[in-house]
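Chemist: got a predicted model here, sequence first, then my questions.
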Amino acid sequence: MKCRKMLDQTVMTIFYEVDPTDVKKQTGDFGKVFKKTCMGKTNAVSRKWIEALSEVATIAGEHSINWDTEAAMIEKISTDISNKLNNSTPLRDFDGLVGMGAHMEKLELLLCLDSCEVRMIGIWGPPGIGKTTIVRFLYNQLSSSFELSIFMENIKTMHTILASSDDYSAKLILQRQFLSKILDHKDIEIPHLRVLQERLYNKKVLVVLDDVDQSVQLDALAKETRWFGPRSRILITTQDRKLLKAHRINNIYKVDLPNSDDALQIFCMYAFGQKTPYDGFYKLARKVTWLVGNFPLGLRVVGSYFREMSKQEWRKEIPRLRARLDGKIESVLKFSYDALCDEDKDLFLHIACFFNHESIEKLEDFLGKTFLDIAQRFHVLAEKSLISINSNFVEMHDSLAQLGKEIVRKQSVREPGQRQFLVDARDISEVLADDTAGGRSVIGIYLDLHRNDDVFNISEKAFEGMSNLQFLRVKNFGNLFPAIVCLPHCLTYISRKLRLLDWMYFPMTCFPSKFNPEFLVELNMWGSKLEKLWEEIQPLRNLKRMDLFSSKNLKELPDLSSATNLEVLNLNGCSSLVELPFSIGNATKLLKLELSGCSSLLELPSSIGNAINLQTIDFSHCENLVELPSSIGNATNLKELDLSCCSSLKELPSSIGNCTNLKKLHLICCSSLKELPSSIGNCTNLKELHLTCCSSLIKLPSSIGNAINLEKLILAGCESLVELPSFIGKATNLKILNLGYLSCLVELPSFIGNLHKLSELRLRGCKKLQVLPTNINLEFLNELDLTDCILLKTFPVISTNIKRLHLRGTQIEEVPSSLRSWPRLEDLQMLYSENLSEFSHVLERITVLELSDINIREMTPWLNRITRLRRLKLSGCGKLVSLPQLSDSLIILDAENCGSLERLGCSFNNPNIKCLDFTNCLKLDKEARDLIIQATARHYSILPSREVHEYITNRAIGSSLTVKLNQRALPTSMRFKACIVLADNGGREAGNEGRMEVYMTIMERQNDFITSTYVSLNHIFPEFLREHMYTVEVLVDVEVTSDELVFDFQLNSEKWEIGECGVLELKNHVQTFSEIDSWDNY
């Protein structure tokens, strides 16, 4: 430990057949041996040893009890050591880079690493100029000095893959990937878009977002600087400078072309493996560099071409190079392509036109029979710098991919149906609308309808001439409104040579009767209208992946007897599917079976037990599924089983105990489930048991105590549970325990103290809970949630390491004096208490403060000292007359039913305010009303008003109005403040509360549909005492061609009507907020 302190060396802990607590406290068998060791030693020596052991025990490490075999533990430890050594070894990967010093010198000024502020830096330049190389070098130089760091590659490609999801879902997926990587936690849950901020707002992080091309990506991953802790740095590379400016990123570094000396060095690194030419090659290298120009990608590709050539070969090739180059990068890259053999050229075109960013595994499946020794072919292209292989994915630079597409286009300029690949939507439209246009030359069609607003017509005989078609992909990223594919009659023919068929929103109910899928490797039919696939039994021996996600009309699957190589079957959202074929048992290589949302599925065939290699099964939301076949126990390799929301499921088969490799079992909202089989105790590798809202569950079997590896147990909402099972005390590896809303819980049992690794304890809504144990110390406890434990009056200090402490809705008013010494406390949510002012240390940590129904006229003046306050709840403070200045950190102010409130002494300076709720604050003066309506409330604001405020320049009676836009040169995105006056239409009874949803449609004057925004407020409004004005900000993030927009508002409730509406165009653009963030945690 002295070396750790003095020399900054790394210490890794391994607790081999000894408990960390015994090491820390010198107890148990370890303590006995330690005492013997100390015999004859001085007190000073013994004390140093004790201090060292106490410190060692607090360092997270490996515990032999967590491992089934020593071999597995040793392998994990070896990997960890190797990784740490790799991170601490001076990097040699970047020794050959050229010009980095000059780039770093300029970037240091923008990074300003000594500053405590959070900085976003944009790195901008054309493709192929070296943006990614620069940030990768920078990342490897700086990452060790940050708490957390992440390099997110190919954001553009990642979001394109997700584009079939709506923006909110895509952002959730991006955040999940982001947090999983930065926190090194692959199974992290992202229920809403505030999770990223909640996890990182106090961390010093280094974030690199590479190749960003849409604002939605920035919104998801780095929307605001306050998402990250002080001194954090966020680096963003892009080809679009406007994107950076729209995100209010002013620190922008433009990457320029290298000078002639640097260009020579770049070329030499690829031609000679060093920064200078070989002896006698200087003039030749200078000449080639001059011919190529200073574009880094071209220098790299051409340099790789000349590698290992003799001087005579150089002299022979240079005239040819001079003749071919016209000063454009395309001609430079084409030169290297032309030097490939025919087979490598063919593979290059396959990747450029169809398989860029694809996994090696899939490429081998699709192309392995076309190219002999395809692994060697990949190696050749990589050696020529024409592709790179990263994380087992093939990546081709956009400029090279564009070159490949242009080469294919020139195969037949006037007759696209004679080309090898079709990738341009206009060319594909021309070919597929004509019965005779497509020829035998076509082997691949990639139709991207993402930006196609027109109806796309396909002739019924469109594919009859394409007998060699092997790859067909139709991507239709239309979100709510996919592009319309018009197929007047069913297709008569699809090539039997197809290996990949990927068609989103396929319009037919069945494949052509003559379709023979014997060579098909992958079938993806997202959102199709298929009712069945085909009539006859088909040869499916090559089929590995079948994805029919959200094919809502699908009623049956074909016979799968020959699908012996099927690995993935995705039937999520196939709500009309009644059963699986018995032949599914022949799919013995099946690894993943997904049936989420198959609400018509009644039972599963017993043959499913023959799929013994299954690792993941998802039956969630199969509401009519009553039972699982006992044969499920044959799937001994099963690791994850999700039966959430199977509301008819009454029991699990006892054979589930045979699934000894099971790690995750989700039974969320299985409302008919009364008990678990005792055999569940055999699942000794179980790490996660999720039983939320199993409302009929009476008890848990004691055998679950055998699940010694259990890390997460969720029992929230199990309202019929008679008692808290005592086995929990044996689950010493438990990290997360959620007992929220348990009606049986009156006193938290003392055996909770045995859970030494517990990091999260959630007791929210336990309305009978009165007492917490006093004699325990959960030293790793990170979060304690006691929200709405209405009988709880005090809580003992069960840990001093808590970061998040939630006490809202309890009777706890006294702040324990020990809180001032809690070093990690960051988030404190509690009721108002006068003695809060005595604890400045506590004031700095309060994020939510609740003063509901308190009889006070004036707020305490020290309220603005709560510098991190995010939500202030004042509802029902009927005597409150005024509010003082509040912290600029505030994002939610809830003052509903403060009937005496008149004055606001606050300014609402925070541009990120989400909600201002002044429902039924009828006495607000004019100055207060002006302040509220002019504030930036990104979710909504509401206050009493009989008419649209005069600040809103465009006003109209009723629910629709036309807005004349101010700008002549219209931007690609505009921001508006929209409002409606909610009037009582007499249909609402007194004392009734209701949820309000507003639907807003925005159209151009010509009624061409642009976009729609659906705002669903997760909030119950009290009875309105009179008319109220509801205001929301909305972003129109598409290109507008007209100078007028029509706004139309609708309510889904009969309890209100729209009396007036208004819209104000906002000039000062702020960071985009197209989604409505969840703010339930505040």
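Modeler: Good, I have the coordinates. Just so we're clear, the structure is a prediction, and the values are computed from it rather than from any experiment.
Chemist: helices of the stretch 901-1050 of the chain, start to end?
Modeler: Under the criterion DSSP state H, counting those that start in this stretch, the stretch 901-1050 of the chain carries helices at the ranges 926-934.
Chemist: strands along that one, start to end?
Modeler: 903-904, 915-917, 940-944, 954-957, 960-964, 974-984, 994-1004, 1009-1021, 1028-1036, 1044-1051 (DSSP state E, counting those that start in this stretch).
Chemist: for the stretch 351-500 of the chain, give me the ranges with low pLDDT.
Modeler: 450-454, 477-484, 488 (pLDDT under 70).
Chemist: format the strands of the stretch 901-1050 of the chain as a markdown table; extra columns: mean pLDDT.
Modeler: Shown next, in a markdown table, are those (pLDDT from 0 to 100):
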| stretch | mean pLDDT |
| --- | --- |
| strand 903-904 | 90 |
| strand 915-917 | 90 |
| strand 940-944 | 89 |
| strand 954-957 | 91 |
| strand 960-964 | 86 |
| strand 974-984 | 84 |
| strand 994-1004 | 70 |
| strand 1009-1021 | 50 |
| strand 1028-1036 | 82 |
| strand 1044-1051 | 82 |
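Chemist: could you dump the ones you listed to TSV with distance to His247?
Modeler: For the C-beta atoms, the positions are set from N, CA and C on the backbone; glycine is no exception. Output for the strands of the stretch 901-1050 of the chain, formatted as TSV (distance: least, C-beta to C-beta, whole Å):
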stretch	distance to His247
strand 903-904	31
strand 915-917	23
strand 940-944	23
strand 954-957	28
strand 960-964	25
strand 974-984	13
strand 994-1004	22
strand 1009-1021	20
strand 1028-1036	13
strand 1044-1051	24
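Chemist: to Ala222, which of the ones you listed lies closest?
Modeler: strand 1028-1036 (17.3 Å; C-beta to C-beta).
Chemist: partner strands of the closest one, parallel or antiparallel?
Modeler: Next to strand 1028-1036 in the sheet, as set by DSSP bridges, lie strand 940-944 (antiparallel), strand 974-984 (antiparallel).
Chemist: and those: which comes nearest Gln402?
Modeler: The nearest among the strands paired with strand 1028-1036, by C-beta to C-beta, is strand 974-984 at 31.8 Å.
Chemist: pretty sure Gly527 sits against Trp503.
Modeler: No - using C-beta atoms under 8 Å, Gly527 makes no contact with Trp503, being 9.6 Å away.
Chemist: just to revisit the earlier point, go through the strands paired with strand 1028-1036 and name the closest to Lys461.
Modeler: strand 974-984 (45.8 Å).
Chemist: relative to strand 960-964, how tilted is the closest one?
Modeler: Inter-element angle recorded for strand 974-984 and strand 960-964: 150 degrees (by axes from the mean of the first three to the mean of the last three C-alpha atoms, to 10 degrees).
Chemist: now strand 974-984 against strand 1044-1051, angle please.
Modeler: For strand 974-984 and strand 1044-1051, the angle between their directions (the same axes, to 10 degrees) works out to 40 degrees.
Chemist: any idea how far strand 974-984 is from the chain center?
Modeler: 31 Å (C-alpha atoms, centre = their mean, to the nearest Å).
Chemist: can you redo the strands of the stretch 901-1050 of the chain as JSON lines with mean neighbour count?
Modeler: Formatted as JSON lines, the strands of the stretch 901-1050 of the chain follow (neighbours: other C-beta atoms under 10 Å):
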{"stretch": "strand 903-904", "mean neighbour count": "20"}
{"stretch": "strand 915-917", "mean neighbour count": "23"}
{"stretch": "strand 940-944", "mean neighbour count": "23"}
{"stretch": "strand 954-957", "mean neighbour count": "16"}
{"stretch": "strand 960-964", "mean neighbour count": "16"}
{"stretch": "strand 974-984", "mean neighbour count": "22"}
{"stretch": "strand 994-1004", "mean neighbour count": "17"}
{"stretch": "strand 1009-1021", "mean neighbour count": "15"}
{"stretch": "strand 1028-1036", "mean neighbour count": "22"}
{"stretch": "strand 1044-1051", "mean neighbour count": "17"}
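Chemist: if anything else comes up later, I'll come back, but that's it for now.
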